[in-house]
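A.B. asks: Need a 3D model of the sequence below.
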Amino acid sequence: MTTTASTGTSPLADARALGLAHYAARGVLEHVLARHGITFQQQIALRAAVTADARQTPEELVAQVRGFLKADPADIRTTLDELLARELLVADGAHLRPTDTGRELLTAVGADTAPVTARVWGGIPAEDLAAAGRVLALVTERADAELAALTA
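C.D. replies: Alright, predicted model coming up:
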């Protein structure tokens, strides 16, 4: 684990630390996405379409993206409309599918973020990554349960 400069002790993970890490990484990603003319939410929706095992209806894609971002379904539908207008997604009957242009865009974004990702994540011991992964999975599960209870 990394130590803090002032105390030499490992910082405890908490909601603030998680939020700061998220926004720091997202800031880097959004900088790259802006160079490609795509928003964070558009990238998430496009990636969901590209990585899906089967073609999805717009509502299935909205539900999947909502599960990731906890965003308003109307906003996600607007995002899908933007991806359709840019021809990054195309309607195929009742389903949406990514276009070659959409796939190429994600490949380009991945190529641009790969060196940054390597610098950010490189050198972190595997056991630290495994522990962080377990903690983040548990926090996600618990927060999803809390959100479900709040919105029931």
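
A.B. asks: Now do the helix or strand harbouring R142, average pLDDT.
C.D. replies: Element membership for R142 (DSSP states H and E) is helix 126-151. In this model, helix 126-151 carries a mean pLDDT of 94.

A.B. asks: likewise stretch 11-21?
C.D. replies: 91.

A.B. asks: How about stretch 44-57?
C.D. replies: Stretch 44-57 comes out at a mean pLDDT of 95.

A.B. asks: what does it rub up against?
C.D. replies: In this structure, residues lying in contact with stretch 44-57 by Cβ atoms under 8 Å, 6 or more residues apart in numbering are 38, 61, 64-65, 68-69, 76, 79-80, 83, 88-89, 92, 94-98, 102-103, 105-106. C-beta coordinates here come from the backbone N, C-alpha and C atoms, glycine included.

A.B. asks: switch to 10 Å and redo it
C.D. replies: Here stretch 44-57 makes contact (Cβ atoms under 10 Å, 6 or more residues apart in numbering) with 38-39, 60-65, 67-69, 71, 76-77, 79-80, 82-83, 86, 88-90, 92-99, 102-103, 105-107, 109-110.

A.B. asks: Doesn't T117 lie inside a helix?
C.D. replies: Yes - under DSSP: H, G, I helix; E, B strand; the rest coil, T117 sits within a helix.

A.B. asks: Show me where the protein has its strands.
C.D. replies: 89-92, 95-98 (DSSP state E).

A.B. asks: Report the spatially nearest residue to V120, omitting neighbours in sequence.
C.D. replies: Leaving aside its sequence neighbours, V120 sits nearest to A25 (Cβ to Cβ, 6 or more residues apart in numbering; 6.9 Å).

A.B. asks: can you count the residues close to the one you found?
C.D. replies: 15 (other Cβ atoms under 10 Å).

A.B. asks: mind checking how far it is from A71?
C.D. replies: 18 Å (Cβ to Cβ, to the nearest Å).

A.B. asks: try E141
C.D. replies: 19 Å.

A.B. asks: More neighbours: which of the two?
C.D. replies: A71 (16 against 10).
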